[in-house]
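**Q** need coordinates for the following:
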Amino acid sequence: MSNSISKQHAAAFWLPIWTLTWRELLRFFRQRTRVVGALGQPFIFWILFGAGLKGSFAAPEWAPQGMTYQEYFFPGVAVMIVMFTAIFSTISIIEDRREGFLQGVLVAPVSRLALVLGKLTGGTVLALIQAMLFLTLGPLLHFVGLAPAIGWELSAAGWLMMIGFLTLVAFALTALGFLMAWSLDSTQGFHALMSVFLMPMWLLSGSFFPVPEAGWLSWVMRLNPLTYGVAGLRRLMSPTLADVAANASLPSLVTCVAVTCGFGIVTIGIACWMTQRRSVLNVR
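**A** Presented below is the predicted three-dimensional model:
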């Protein structure tokens, strides 16, 4: 009897998570413009910025000899894909509230943790799929003359570690988007917040330019949790960086994983707390 009750409780918890995740995936792939834009923009950014800034790029001390700007920018674009896909997937919260779907979920006998995890899992899966497509297809542009050769070779274990780390980053960023969308009632406000907060967060993560050794900008970038997501991905993607000692501009992989996990735990905790609170936005 107790086993059947526990199975029912488990089903009641996991079924909403799966349903909300599947709903996010269906909504994305049914909108073809989102699919094209999600992959097209990162490739354009990588090719154009890489070609335009390669002459002024000075590789940091930890970089392998001969690193080009497009090689340096490559992990940053992958993180950009993860970030904006994860963040944009949470805009559906505002749309669901406007259409009445969110209110229906809130009054259903579903735990708030399941609601949060369902939305976060959907955004994480979408971000991970697109990032892996870019990481797989990006180096192939070398053969058509649009990009330099990307000097990284990963074993099966290396790929698994990279996918696992990107999942952590995507989950934490989706939770951040959840926090933003939950407290807003318009997509215009979401886009405004993205412009003044999320875009600088990516620019100051070491994706676009290296972390300075000193100065106020260096401290801002070190306090940015996304900096450790970019640095961790760099270490996992480049075997030559595995032996580079940690310094102010390139933290160790252990530090990157710890900061990313901590950032994710904090954002998920706040997201669960916010869904427990009553809000006039959810009764309109």
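**Q** so what does M67 have for phi and psi?
**A** Backbone torsions of M67, given as degrees, to the nearest 10, read phi -70, psi 130.
**Q** assess the claim that it and A59 are in contact.
**A** Yes: counting by C-beta atoms under 8 Å, M67 touches A59, with 4.7 Å between them. C-betas here are computed from N, CA, C, even on glycine.
**Q** can you report how many residues neighbour the closest residue to W182 other than its chain neighbours?
**A** Leaving aside its chain neighbours, W182 sits nearest to M274 (5.3 Å; criterion: C-beta to C-beta, 6 or more residues apart in numbering). By other C-beta atoms under 10 Å, 15 other residues sit near M274.
**Q** report the buried residues of the particular helix or strand that has M274 in it.
**A** Using DSSP states H and E, M274 sits in helix 253-276. Judged by neighbour count (16 or more other C-beta atoms under 10 Å), helix 253-276 contains these buried residues: L253, C256, V257, V259, T260, F263, G264, T267, I268, A271, C272, T275.
**Q** how near is F134 to V82?
**A** According to C-beta to C-beta, to the nearest Å, F134 and V82 sit 10 Å apart.
**Q** what score does T227 have for pLDDT?
**A** T227 is assigned 92 on the pLDDT scale.
**Q** how about it: what's its closest non-neighbour residue?
**A** Using C-beta to C-beta, 6+ apart and skipping the chain neighbours, the partner closest in space to T227 is S205 (4.7 Å).
**Q** just the element for G104, please.
**A** Secondary structure from DSSP H and E places G104 in helix 101-107.
**Q** picking that back up, closest to F49 among the buried residues of helix 253-276?
**A** F49 has its nearest neighbour among these in C256, at 23.7 Å by C-beta to C-beta.
**Q** against V116, how distant is the closest one?
**A** According to C-beta to C-beta, C256 and V116 sit 24 Å apart.
**Q** swap in F45?
**A** Taking C-beta to C-beta, one finds F45 at 31 Å from V116.
**Q** those two - which one has more neighbours?
**A** Taking other C-beta under 10 Å, F45 and V116 do not tie; V116 has more neighbours (23 against 16).
**Q** and for the closest residue to M80 other than its chain neighbours, the neighbour number?
**A** For M80, ignoring the flanking residues on the chain, the nearest one in space by C-beta to C-beta, 6+ apart is W202 at 5.7 Å. Neighbour count of W202, defined by other C-beta under 10 Å: 19.
**Q** would you agree W202 is in contact with A78?
**A** No: using C-beta under 8 Å, W202 makes no contact with A78, being 11.5 Å away.
**Q** sorry, back to before: which of F134 and V82 has more neighbours?
**A** V82 (30 against 20).
**Q** same for the strand or helix carrying the more buried one, what does it pack against?
**A** Here V82, judged by DSSP H and E, is contained in helix 69-89. With contacts defined as 3 or more C-beta pairs under 8 Å, 6 or more residues apart in numbering; DSSP states H and E, helix 69-89 has these neighbours: helix 32-53, helix 112-137, helix 156-182, helix 199-203, helix 225-237.
**Q** let's see that with 6 Å instead.
**A** If contacts are counted by 3 or more C-beta pairs under 6 Å, 6 or more residues apart in numbering; DSSP states H and E, helix 69-89 sits against helix 32-53, helix 112-137, helix 156-182, helix 225-237.
**Q** could you dump those helices to TSV with distance to L198?
**A** Compiled in TSV, the helices and strands packed on helix 69-89 are given as follows (distance: least, C-beta to C-beta, whole Å):
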stretch	distance to L198
helix 32-53	15
helix 112-137	14
helix 156-182	8
helix 225-237	9
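**Q** since that was my last question, I'll sign off now.
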